[in-house]
Structure formats: structure tokens, C-alpha cells
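Trainee: need a structure here:
(chains A and B)
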Amino acid sequence: GQQLNQSPQSMFIQEGEDVSMNCTSSSIFNTWLWYKQDPGEGPVLLIALYKAGELTSNGRLTAQFGITRKDSFLNISASIPSDVGIYFCAGLRSGTYKYIFGTGTRLKVLA
Amino acid sequence: DSGVTQTPKHLITATGQRVTLRCSPRSGDLSVYWYQQSLDQGLQFLIQYYNGEERAKGNILERFSAQQFPDLHSELNLSSLELGDSALYFCASSVNFQETQYFGPGTRLLVL
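Mentor: Below you'll find the model as predicted:
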């Protein structure tokens, strides 16, 4: 099925480091969502973005809705071991009502 | 806790069998979505219902079907099961068909 390009696919980082990941597409989106999924659990909504250029924070997490409306970015500052998991982006394409999900970024934090 | 409930949490069955997965959306949500997630894979959208009616279809096999009942809970029926159907099945709900989706804890299906 159709999915967004999400990168990186996986990353190992040291505890305390900042993390950046992004989702890109050739299509224009009206809404971007970022989820985190722990192993065997359902995705949990982290941040929702509804306007181009919007920058929203949730604790150590900050996400941005790209100006072109074709991408979004998620940053995690000062990572901790419990940040481990898979991060998914999801976008609602302009003119549609079906969310498309990214392929996920698998994050592993080394203590 | 997202407010979305799914039962059962785990299901083990044999090839050729039929199972039913159940989802109760968050209070007030009219839209229900079903997703399949195979091991280490992303989320594959299966089907969406809005207020009892099918709204969108994704990569759902003909052996699979779903419905949303008047009380807004939804069931996903999987029949003639194959080994490859083993996966996590998630239900999500939203207020309407464009709003943010909230996911349930999933049903882990193992077909032996």
C-alpha cells in the first residue's frame, strides 16, 4: 500500500543525544501526525500538526509541519532509554480523508 | 490509555479457520479504522467505517470483511486463514473521518 518515505529507517544513539527524523512525500498534506509504538503495543499519538510551518512541542519532542506541506520533522532532545521504540509519521493528503503512514523509524538508545 | 478497546488481546488458531476481532471506539468517535501490522513492518490500512457505513478500503483481502454496528463498535472477520495472516491487527478511532486517529492496543493473531 501507499506509504510515506520516513528516514532514517533506524538509528542507534547515545543517551543524552538529540534525535531528528523526517517524513517526505511528493504530495501535499493537510495534517501530519507523529506516533510512537512500543513493541507489541498500539501506536500512541505524540504530536498533531494542522498548519504549514506549525512548530509544536510535547515535552522533549518537537515536530514541524514543513512549509511546502510535503514533509514533516520530529526532534527528540536529550534522549533517554525509554525513548526506544518505533516512530511513525502519518499524513492526511489534501483532498482525501485517508491517512497514509510512514514506514517507521526504529530508535535504539544506548545508555 | 487511548480509550479504544480491542478484544481479544491474543488469538491462536489454525489455517483454514475463521476469527472475529472486536473493537470499541473512544466515546464520541464515529469513525473506526482497521490496520494490519506484520512483523517489523509498517501499518497497512485495511478498511474504514464511519457511523456504520464503509468509508474507505485499503489493502483488504477478499477473505477479510468488517462491519460497524449501530452502537459504533466494529468487528473484523478473517476467514480461510493462512500462515501469512499472522500479524498484529489494530483498530483506531476518530471523531470523524479526517480527525486524529487514536489506536487500540491491538490483537495479536497467530495462525499455525
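Trainee: For the rest of this, base every contact and every neighbour count on C-alpha atoms.
Mentor: Will do.
Trainee: end-to-end on stretch A:48-67?
Mentor: Stretch A:48-67 stretches 15 Å from its first residue to its last (Cα to Cα, to the nearest Å).
Trainee: Can you give me the neighbour number for the residue of chain A found nearest chain B?
Mentor: Using Cα to the nearest Cα, the closest approach of chain A to chain B is made by residue A:42 at 4.4 Å. Applying other Cα atoms under 10 Å in any protein chain shown, we find 22 other residues in the vicinity of residue A:42.
Trainee: Over to residue A:8?
Mentor: Neighbour tally, residue A:8, other Cα under 10 Å: 15.
Trainee: surely it meets residue A:19?
Mentor: No. Residue A:8 lies out of contact with residue A:19 (Cα atoms under 8 Å); the separation is 10.4 Å.
Trainee: State the helix or strand in which the closest residue in space to the residue of chain A closest to chain B that isn't next to it in sequence lies.
Mentor: Leaving aside its sequence neighbours, residue A:42 sits nearest to residue B:105 (Cα to Cα, 6 or more residues apart in numbering or on different chains; 4.4 Å). Under the criterion DSSP states H and E, no helix or strand holds residue B:105.
Trainee: Can you check the pLDDT for residue B:105?
Mentor: Note on residue B:105: pLDDT of 95.
Trainee: What is the neighbour count of it?
Mentor: 23.
Trainee: on that earlier part again, let's verify the residue of chain A closest to chain B: helix, strand, or coil?
Mentor: Here residue A:42 is recorded as coil under DSSP: H, G, I helix; E, B strand; the rest coil.
Trainee: dump the residue contacts of it.
Mentor: Taking Cα atoms under 8 Å, 6 or more residues apart in numbering or on different chains, we find residue A:42 in contact with B:90, B:103, B:104, B:105, B:106.
Trainee: Can you tell me which of the residues you listed is closest to chain A?
Mentor: residue B:105 (4.4 Å).
Trainee: I'd assumed residue B:3 was in contact with that closest one.
Mentor: No. Judged on Cα under 8 Å, residue B:105 makes no contact with residue B:3 at a distance of 9.7 Å.
Trainee: Quick check: residues of chain B near chain A?
Mentor: B:2, B:41-45, B:56, B:58-59, B:88, B:90, B:97-98, B:100, B:102-106 (Cα under 8 Å from any Cα of the partner chain).
Trainee: Residue A:82 falls within a helix, correct?
Mentor: Yes. Applying three-state DSSP, one finds residue A:82 inside a helix.
Trainee: That one: neighbour count?
Mentor: Other residues close to residue A:82 by other Cα under 10 Å number 10.
Trainee: go on, residue B:107?
Mentor: Look at residue B:107: counted by other Cα under 10 Å, it has 24 neighbours.
Trainee: Beta-bridge partners for it, please?
Mentor: Beta bridges link residue B:107 to residue B:89 when assigned by DSSP bridges.
Trainee: Go ahead and confirm it touches residue B:11.
Mentor: Yes. Using Cα under 8 Å as the test, residue B:107 is close enough to residue B:11 to be in contact (7.2 Å).
Trainee: Could you pull out the strands in chain A for me?
Mentor: A:5-7, A:10-14, A:19-24, A:29-37, A:44-49, A:55-58, A:61-65, A:71-76, A:85-93, A:99-101, A:105-110 (DSSP state E).
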